[in-house]
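Colleague: sequence unknown, structure follows:
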């Protein structure tokens with residue numbers, strides 16, 4: 001498949017591709033993009049899109065530009081949790097006030113949750129939020145904590161909900177503890193995560209295509 005006039009957010013696990021002529025958006029595994037050597041983009045973000053595009057945009061810049069298109073408030077913070085990293089941008093009078101990007105640890109990323117969901121066959125859109133919270137300072141140690149609680153007889157769903165709560169708590173702190181937090185990325189479809197985060201701040205999901213919107 002070779003197409004022109006495409007914008008793409010090529011994440012580690014999932015790619016969001018938009019046909020700029022028709023407006024059609026396709027979300028597909030990034031592995032499929034990598035397999036199709038003919039697929040090229042007019043503009044792209046995500047480290048796996050660098051060699052496929054005429055114009056490459058930094059992910060934080062794409063997040064900021066997309067957020068400004070989708071949010072009308074003058075002062076706000078948006079958090080994006082991808083498969084391998086977490087990043088946020090805060091605005092004051094619609095100008096960037098602060099931004100940060102955490103790529104050092106996979107403890108609070110979407111890929112860890114995807115692995116756990118597959119292993120335990122849990123649907124996070126149906127999993128109820130937990131008042132309990134597993135401290136998530138390291139992905140390996142947190143997963144060990146889940147295993148320990150299950151060995152001790154706790155229901156796996158309850159343990160996973162407590163783990164998601166820990167990730168939500170980390171996200172809230174990483175973003176600077178705002179009163180309102182806009183959320184970008186695949187975790188917008190994770191009801192357990194959104195409900196857990198809502199225990200700390202007003203949580204408004206923007207969907208999976210914020211970076212994509214920031215490319216054009």
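Modeller: All right, it came through fine. This one's a predicted model, so the numbers in the text were calculated from it and none came from an experiment.

Colleague: name the SS class of the nearest residue to residue 172 once chain neighbours are set aside, please.
Modeller: With C-beta to C-beta, 6 or more residues apart in numbering as the criterion, residue 172 has its nearest non-adjacent residue at 4.5 Å, and that residue is residue 200. Every C-beta, even on glycine, is put in place using the N, C-alpha and C of the backbone. Three-state assignment for residue 200 (DSSP: H, G, I helix; E, B strand; the rest coil): coil.

Colleague: and the pLDDT for residue 200?
Modeller: Looking at residue 200, its pLDDT is 98.

Colleague: surely it is in contact with residue 165?
Modeller: No - look at residue 200 against residue 165 with C-beta atoms under 8 Å: they stay out of range, at 10.0 Å.

Colleague: and these two? Which one has more around it.
Modeller: residue 165 (24 against 18; other C-beta atoms under 10 Å).

Colleague: pretty sure the more buried one is touching residue 194, no?
Modeller: No - contact criterion C-beta under 8 Å: residue 165 and residue 194 do not qualify, at 11.6 Å.

Colleague: mutual contacts of these two, please.
Modeller: Residues touching both residue 165 and residue 194 (C-beta atoms under 8 Å, 6 or more residues apart in numbering): none.

Colleague: distance of the residue nearest the centre of the chain from residue 203?
Modeller: Nearest to the mean C-alpha position of the chain, counting by C-alpha atoms, centre = their mean, stands residue 81 at 2.6 Å. As judged by C-beta to C-beta, to the nearest Å, residue 81 and residue 203 stand 12 Å apart.

Colleague: what's the overlap in contacts for the two?
Modeller: Contacts common to residue 81 and residue 203, judged by C-beta under 8 Å, 6+ apart, are residue 183.

Colleague: report pLDDT for residue 138.
Modeller: pLDDT at residue 138 comes out at 58.

Colleague: so what does the longest helix along the chain touch, helix or strand wise?
Modeller: Longest helix in the chain by number of residues (criterion: DSSP state H): helix 156-174. Under the contact criterion of 3 or more C-beta pairs under 8 Å, 6 or more residues apart in numbering; DSSP states H and E, helix 156-174 touches strand 76-81, strand 86-92, helix 110-120, helix 139-151, helix 191-197.

Colleague: so which of those is nearest residue 15?
Modeller: Nearest of the helices and strands packed on helix 156-174 to residue 15, taken as C-beta to C-beta: helix 110-120 at 13.8 Å.

Colleague: flag the shaky bits of the protein, pLDDT-wise.
Modeller: Applying pLDDT under 70 to the chain flags residues 1-4, 103-110, 137-145, 147-148, 153.

Colleague: domains of it?
Modeller: Annotated domains of the chain cover 6-56, 73-208 [automatic domain parsing].

Colleague: would you list those in a markdown table and tack on distance to residue 65?
Modeller: As requested, these are exported to a markdown table (distance: least, C-beta to C-beta, whole Å):
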| stretch | distance to residue 65 |
| --- | --- |
| domain 6-56 | 10 |
| domain 73-208 | 10 |
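
Colleague: closest to residue 67 out of the ones you listed?
Modeller: domain 73-208 (4.3 Å).
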